[in-house]
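Engineer: Quick check, what structure comes out for this input:
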Amino acid sequence: MSKHTYCDGYSRRDVLRVGALGAAGLSLPSFLRLQAAGAVEATKTKSAIFVNLGGGPTHMDTFDLKPDAPEEYRGEFKPIKTNVDGMEICELLPKLAQCADKFTLMRGVSHSLAAHELGTKYMNTGNRPLPSLTFPGYGAVVSKETKNPPKDLPMFVAIPKTPQTAGFLGIEHAPLSTNATPEFGRPFEVRGIALGRGLTVKDVDRRSNLLNDLDNAFAGFESDSELLTGLDRFSDQAHEIVTSARAREAFNVSKESPEVAARFKAESSNPRDGQFGMSCLLAARLVGAGVRFVTVNFGGWDMHQNVAQALKGRLPQLDAGLAGLFTTLAERGQLESTAVFVTGEFGRTPKINARAGRDHWPRAMFVLLGGGGIKGGQVLGASDDKGQGPANEGYTPDDIAASFYHALGIDSSKEYHTNIGRPITIVRNGCVIKELFT
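Structural biologist: Here you go, the predicted model:
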């Protein structure tokens, strides 16, 4: 997916880059370390997919249309019926409309952080940001809470990257970012996981043994270093992953049948328009293989001008990717064991501006939640008649977070401690939304 720079100067760029393969040929340890430095108990069958819609998608033109509002509010798109009685969404989301029974649409979600970076941190952690503390993202918490994780698979994968970090939990719970997105009809390789340049598993084993000898020689210098302990874990994990046929198979989306891959593809002549859909397919493939947490980043929603025209290019991709994800997980019997969370950092102004766009608006937004025991086929919450704020009390990101963790079997009130002993609960505020599970 293309790089996007938001209007307030926050750029979703790769701050860490991994160079060419080193002389030893094993790039994944360094990759994992660099990714992390830049920076439940779940049941055995639970996984999660978090879709981050970077930029703040408009609620008024997607999942919370107001056809009876004044013209300057309602926009040009019309609502269509879904396969759930009483639920209507945008006409540019016809595929998603036919699988609305597989998710809950939450309206009237509300907060007060109108800056991209702050809103993104809030929605990706469930905690209002603090200048004195970096809260861990959902994937890092899942990594920490999962006991006996598979050794030959990464716990937390970001496609192609994620705003979620390990925060105060430490680098051992940071994500493995693919830094690329798969394309239709082409094998997908994550640098360091695929064996290239003529390397064999035997070569990797031999070089790994050499690295172990060097580690032992310097063991006395690192006994008190939490950072080096985390890096050692990355080295061990890297060796397991790079020699694992299961890991290479999980990332190889070209193994999917053309019929399955086609359902994730939006109708477009631009091949880049298929990257979100293929990222969703990869996410489904990864959780099917045993990866516990996958994020998919899909930016480009910061639409301060010509919002309708911009959505005509973006919504068909969202439609194909999400519909393909929910349908494929359900078809494979994995939806009940995989919680899906779709969100941006905020909504957009109900009233269209002078540039035919919409500006930042955290007072009202939408969230989609499905799978993992979450009841599908319902709408929870509502915004007022002009989409300006919750019609009643509304829901906070904290409530959504507590509910998401509940779906994963995690007690969001559990207390962690920072490296200086400061007690921090997983979610500081927020209550489980019972209607999601009844």
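
Engineer: Check the offset of the host helix or strand of residue 143 from the chain's centre.
Structural biologist: Assigned by DSSP states H and E, residue 143 falls within helix 138-145. A distance of 13 Å separates the centroid of the chain from that of helix 138-145, by Cα atoms, centre = their mean, to the nearest Å.

Engineer: Of all the residues in stretch 123-142, which ones are buried?
Structural biologist: For stretch 123-142, burial by neighbour count (16 or more other Cβ atoms under 10 Å) applies to 123-129, 134-142. For glycine as for every other residue, the C-beta is placed from the backbone atoms N, C-alpha and C.

Engineer: Could you say whether residue 48 sits in a helix, a strand or coil?
Structural biologist: Three-state call for residue 48 (DSSP: H, G, I helix; E, B strand; the rest coil): strand.

Engineer: surely it meets residue 339?
Structural biologist: Yes - the pair residue 48 / residue 339 is scored as a contact, 4.5 Å apart, by Cβ atoms under 8 Å.

Engineer: Now for the two: what residues contact both?
Structural biologist: 372, 404, 407, 408 (Cβ atoms under 8 Å, 6 or more residues apart in numbering).

Engineer: Tell me the one of the residues you listed nearest residue 387?
Structural biologist: Checking the shared contacts of residue 48 and residue 339 against residue 387 with Cβ to Cβ, the nearest one is residue 404 at 24.0 Å.

Engineer: In which helix or strand does that closest one reside?
Structural biologist: In this structure, residue 404 sits in helix 397-407 according to DSSP H and E.

Engineer: Mean confidence (pLDDT) on that helix, please.
Structural biologist: Mean pLDDT, helix 397-407: 97.

Engineer: moving C-terminal of that helix, what's the next helix or strand?
Structural biologist: Moving toward the C-terminus from helix 397-407, the next element (DSSP H and E) is strand 415-417.

Engineer: What helices and strands are in contact with that next one?
Structural biologist: strand 423-425 (3 or more Cβ pairs under 8 Å, 6 or more residues apart in numbering; DSSP states H and E).

Engineer: gap between the strand it packs on and the chain center?
Structural biologist: Using Cα atoms, centre = their mean, the offset of strand 423-425 from its chain centre is 24 Å.

Engineer: Next, the buried residues of that strand.
Structural biologist: Counting neighbours by 16+ other Cβ under 10 Å, one finds that the buried residues in strand 423-425 are residue 424.

Engineer: same question, stretch 112-120
Structural biologist: Under 16+ other Cβ under 10 Å, the buried positions of stretch 112-120 are 113, 114, 115, 116, 118, 119, 120.

Engineer: Same check on stretch 50-70?
Structural biologist: 50-66, 69.

Engineer: Give me the mean pLDDT for that stretch.
Structural biologist: Rounded mean pLDDT across stretch 50-70 is 98.

Engineer: what's the offset of it from the middle of its chain?
Structural biologist: Centroid separation for stretch 50-70 versus its chain: 18 Å, with Cα atoms, centre = their mean.

Engineer: Who are the packing partners of the helix holding residue 404?
Structural biologist: Under the contact criterion of 3+ Cβ pairs under 8 Å, 6+ apart, helix 397-407 touches strand 103-109, helix 116-125, helix 138-145, strand 338-343, strand 365-370.

Engineer: In contact with residue 403: list those residues for me.
Structural biologist: 369, 374, 432, 433, 436, 437.

Engineer: ok, of these, which one's closest to residue 312?
Structural biologist: Distances from residue 312 to the contacts of residue 403, taken by Cβ to Cβ, are shortest for residue 369, at 26.5 Å.

Engineer: can you tell me how far that closest one sits from residue 251?
Structural biologist: 26 Å (Cβ to Cβ, to the nearest Å).

Engineer: can you check residue 294 too?
Structural biologist: 11 Å.

Engineer: Then residue 100?
Structural biologist: 30 Å.

Engineer: what do you get for residue 436?
Structural biologist: From residue 436 to residue 251 the distance is 32 Å (Cβ to Cβ).

Engineer: before we move on, what about residue 50?
Structural biologist: Distance check for residue 50 against residue 251: by Cβ to Cβ, it reads 18 Å.

Engineer: try residue 273
Structural biologist: For residue 273 relative to residue 251 (Cβ to Cβ), the value is 22 Å.

Engineer: likewise residue 420?
Structural biologist: For residue 420 relative to residue 251 (Cβ to Cβ), the value is 38 Å.

Engineer: Comparing these two, which residue is more hemmed in?
Structural biologist: residue 251 (26 against 6; other Cβ atoms under 10 Å).

Engineer: Could you report the neighbour count for residue 314?
Structural biologist: 24.

Engineer: Quick one: classify the residue lying closest to it once chain neighbours are set aside as helix, strand or coil.
Structural biologist: Sequence neighbours aside, residue 300 is the residue nearest to residue 314 in space, at 5.9 Å (criterion: Cβ to Cβ, 6 or more residues apart in numbering). Put simply, residue 300 is coil when judged by three-state DSSP.

Engineer: In this structure residue 300 contacts residue 55, no?
Structural biologist: Yes - assessed by Cβ under 8 Å, residue 300 is found in contact with residue 55 at 6.0 Å.

Engineer: got any ranges where the stretch 251-400 of the chain has weak pLDDT?
Structural biologist: Applying pLDDT under 70 to the stretch 251-400 of the chain picks out residues 269, 271.
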